[in-house]
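1. all I have is the shape, not the residue letters:
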């Protein structure tokens, strides 16, 4: 009997402690300082024709239980605020003639060939068709450049590679050395660190899933020029998107802008 | 017919002077003619008024009557013609017999040399000997006196007619030469009769009478007329050779045109022969390969029953240079054109592309530099820095970015250095970049307008102009017609710029077809020693992204355009000679233009030409300064042996070597004699006409001695030949009188 009482007390204590711990971790939505679906105003010079336009690649989703992003498409995460806020920085910090608005491109037609630099978000959720794989390969070999961002951990890497290995079955993905020109073309980016997404707020940690370490990887062409720049285990787009928020740490936003600028200038000079 | 009416050959009138023998003053003749006309006119006027004739009838009768009176008066004054005649047996006639191999050719079963002997033996020689002293010379690769006309050998493989004539004019200064008879087929292998030779003959008033042998044109022959190949090209560049040929009897048939270097076939293609007698130009492209001398043998496949199979092959020498010109490309902002031009030129082993890209207001990203110091301070600001490049590409960079010093250096780079500058279109280029108000406007091939906003990001399709079609640097396809079509089908440009008005002397190669109309897109010009060009777009990158992966049109265009930009950029020493293949001529003129480090002419240096020839022969020729052209040094080398020669010209100044340049040439003997084997009547007629002689056909030389006699060249005397009794006068008088009678009868006046 006494033994039963002790067991009941322990169970109660565990339940109470569990509830209390759970209460401590929960972040109420009302206190979350970021809203993904804010309406973005159309810039007045959106119709201007420019040399460079931020091209966001649209792709079909991996079979997923995530109904929200499956419906809208993972390609559109952070869209369009990240794109527009980033190009404001590009305008201010370089001599590049850049459009104030982004252009969504896909691999269904040759339209992507007019945009030799393209950005893809969350490729850990993409699932390219054979035709899209072929088009992407052609785009890259002709001189196109692809920047990938915001996918984390082993599982998303594996999904990313399922399509990318079909694009380039013959080319390895390699870790980019610090000396690669892409890290020096405009800014010297010798000290890079993991850039967290908003889900990491208040940024006690910077990783998601098992993606503890930021991976700066890429795929080269036959002449040693990068065709695909892979930013794995980081969320550069979030840093662009929330750079105007006092709650997002400046050091991450600053690095994200420098990375983006370097990647664009590299793509336009190599 | 002429002599029937005028009783003298035409040449008498051409060479003689008109005189009156009566001794009466000429003014009296004029007064009497005018008075006679006046009297006849007065009487005619009276009659007209009385008879009420129309004025026109009276005028017609007056003209005829006045002409009769004038003619009668003229005859009374005893007109005559004064001509110089060679004195009998006191003058020498030089007979030049062509003793070259081509005179052994057979035309219609008769050997030309035999026909020449026959001409002399059939009375001409006897007649000449009656009036003149006759001297025989034979001419082939040299001139030599000979005793008769029957010991000709025809062994020599060249005919240097001009040299022979010049030698006669020079060597017979003390002899009373009355005229020269040149018996030949006119197949001169030294390039024709030059102006010096004609002037030497005219200076001595020596008429050259030419007797032409051989058929003037073959019935069945295909011949190379000329092969035009660049003298120097960069290694691994695409080389264009233009082959000009002519044929008779094979129109519409096919033959093979092939180019070989030794045993190695460079390229070949089948061609369809054009109409009989018309010049046909074929362009052949091939890769020049690695550095070295290419002996390009161009040959046309033999066709059945060709009458002259020896004119189907020609040789040209092409020097494939080892140098790797450096091209500096400055771009004012990151743009796609920059990336894709860099990629295209990085693939080209013939040039080294060095770029500077303004990424931010104060940052320049350099690529392709030789060392970290190169371009560290920005765009070159000293002659030594900028002259290290051979070509410069200026992207969308506003003119004010260049300091006044840099602008004048850019000008000197083209004008003095001999470099090439290409201006690209862009939002800070040309008019939009303020170039119209800068010193750089002078070197542009266009006159810029003051208007801004000339750069637009609109579509532009392309079209080659006539000049563009002929420009081998714009050949994406080998065949010209296919190339034109290819250009029309290229993906549209991402943007274009209106470059303004094309300067006189500049050439438009490509037009942009835009919604606003046709706009010149690629314009080039020579400026000083160099060349400049405008390519008014920054949007050719679409050719790379919008065509199949294996398409190379973008790369080819940029590589060929850049090679054009730098291929003609000389070093501090520019060696040259007059041609790459010297046929039957051992005298090789050598020339070097020498400049210092800053490319100022260097007139007080020393230049040596180190010639290495066939079988390891070597010789050094010291070139002498040209007194007329400072910085130019000339000399001559005697290349006696056939084969290929290499000449390294080394310039030094105050004992210090300042630069070198290498050229190559080839000596050939006996090849030219196989070409132009038809009788060159045009050359013989021109020579005769310019020296006061006449062209004769072999079977019609009966009057040649008379013509020779009409000469002032030797010992001559003047004689006057009467003209008053010319049949033409009496015929004219009778015709006028009869005409008057007939008119009067028609008008009822008789």
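-> Arrived safely, thanks for sending. Remember, predicted model here, so these are calculated numbers, not experimental data.
2. which residues are in contact with the residue of the stretch 501-650 of chain B found nearest chain A?
-> Relative to chain A, the nearest point of the stretch 501-650 of chain B is residue B:545 (4.2 Å; Cβ to the nearest Cβ). Yep, even glycine has a C-beta here, placed from its N, CA and C like the rest. Residues in contact with residue B:545 (Cβ atoms under 8 Å, 6 or more residues apart in numbering or on different chains) are A:113, A:114, A:116, A:139, A:142, A:143, A:144.
3. what pLDDT is listed against the fifth one?
-> Yep, that's residue A:142 we're talking about. On the pLDDT scale, residue A:142 is placed at 98.
4. quick check, it in contact with residue B:542.
-> No - counting by Cβ atoms under 8 Å, residue A:142 stays clear of residue B:542, with 10.7 Å between them.
5. overlap of the contact sets of the two?
-> Here residue A:142 and residue B:542 have residue A:113 as joint contacts, going by Cβ under 8 Å, 6+ apart.
6. which one of the two has more residues nearby?
-> residue B:542 (23 against 20; other Cβ atoms under 10 Å in any protein chain shown).
7. helix or strand: which one has that one?
-> For residue B:542, the host element (DSSP states H and E) is helix B:541-545.
8. then residue B:19?
-> strand B:17-20.
9. after that strand comes which helix or strand?
-> Counting by DSSP H and E, the next helix or strand C-terminal to strand B:17-20 is helix B:26-51.
10. from the middle of its chain, how far away would that following helix be?
-> Chain-centre distance of helix B:26-51: 59 Å, with Cα atoms, centre = their mean, to the nearest Å.
11. show me what whichever helix or strand comes after that helix is in contact with.
-> Following helix B:26-51 in sequence order, the next helix or strand is helix B:55-76 (DSSP H and E). If you take Cβ under 8 Å, 6+ apart as the criterion, helix B:55-76 is touched by B:22, B:29, B:32-33, B:36-37, B:40-41, B:44-45, B:47-48, B:724, B:729, B:732-733, B:736-737, B:739-740, B:743-744, B:747.
12. just the buried residues of those residues.
-> B:29, B:32, B:33, B:36, B:37, B:40, B:41, B:44, B:48, B:729, B:736, B:740 (16 or more other Cβ atoms under 10 Å in any protein chain shown).
13. tabulate those (a markdown table), appending pLDDT and distance to chain A.
-> Converted to a markdown table, these look like this (pLDDT from 0 to 100; distance: Cβ to the nearest Cβ, whole Å):
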| residue | pLDDT | distance to chain A |
| --- | --- | --- |
| B:29 | 92 | 89 |
| B:32 | 94 | 92 |
| B:33 | 93 | 87 |
| B:36 | 92 | 91 |
| B:37 | 92 | 86 |
| B:40 | 90 | 90 |
| B:41 | 89 | 87 |
| B:44 | 83 | 89 |
| B:48 | 78 | 88 |
| B:729 | 88 | 89 |
| B:736 | 93 | 87 |
| B:740 | 88 | 89 |
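14. just flag the most distant two among those residues.
-> B:48 and B:729 (29.2 Å; Cβ to Cβ).
15. strand partners (parallel or antiparallel) of the helix or strand harbouring residue B:624?
-> Using DSSP H and E, residue B:624 sits in strand B:618-625. Looking at strand B:618-625 with DSSP bridges, its partner strands are strand B:606-612 (antiparallel), strand B:632-638 (antiparallel).
16. looking at those strands, which is buried most?
-> Stretch with highest mean neighbour count among those: strand B:606-612 (a mean of 20; mean count of other Cβ atoms under 10 Å in any protein chain shown).
17. ok, and what's touching that one?
-> B:573, B:575, B:590, B:592, B:594, B:618-623, B:633, B:635, B:637, B:639, B:645-653.
18. give the buried subset of these as a ChimeraX selection command.
-> The ChimeraX selection below is limited to those of the contacts of strand B:606-612 classed as buried (16+ other Cβ under 10 Å):
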select /B:573,575,590,592,594,621,623,633,635,637,639,645,647,648,649,650,651,652
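19. buried sites along stretch B:532-539?
-> B:532, B:533, B:534, B:535, B:536, B:537, B:538, B:539.
20. stretch B:476-496 too?
-> Result for stretch B:476-496 [16+ other Cβ under 10 Å]: buried residues B:476, B:478, B:483-484, B:486-487, B:490-496.
21. ok, residue A:124 - contacts?
-> A:62, A:151, A:152, A:153, A:155, A:156, A:157, A:159, A:160.
22. ok, residue B:643 next?
-> Contacts were defined as Cβ under 8 Å, 6+ apart; by that measure residue B:643 touches B:613, B:614, B:615, B:666, B:667.
23. average pLDDT for the strand holding residue B:624?
-> Strand B:618-625 shows a mean pLDDT of 96.
24. what's in contact with that strand?
-> Looking at what lies outside strand B:618-625 - Cβ under 8 Å, 6+ apart - the contacts are B:590-592, B:603-604, B:606-613, B:632-637, B:649.
25. how about stretch B:381-393?
-> B:325-330, B:341, B:351, B:354, B:380, B:403, B:405-406, B:409-410, B:412-413, B:417, B:419-422, B:424, B:562, B:565-566, B:569, B:597-599.
26. can you give me the end-to-end distance of that stretch?
-> From its first residue to its last, stretch B:381-393 covers 16 Å (Cα to Cα, to the nearest Å).
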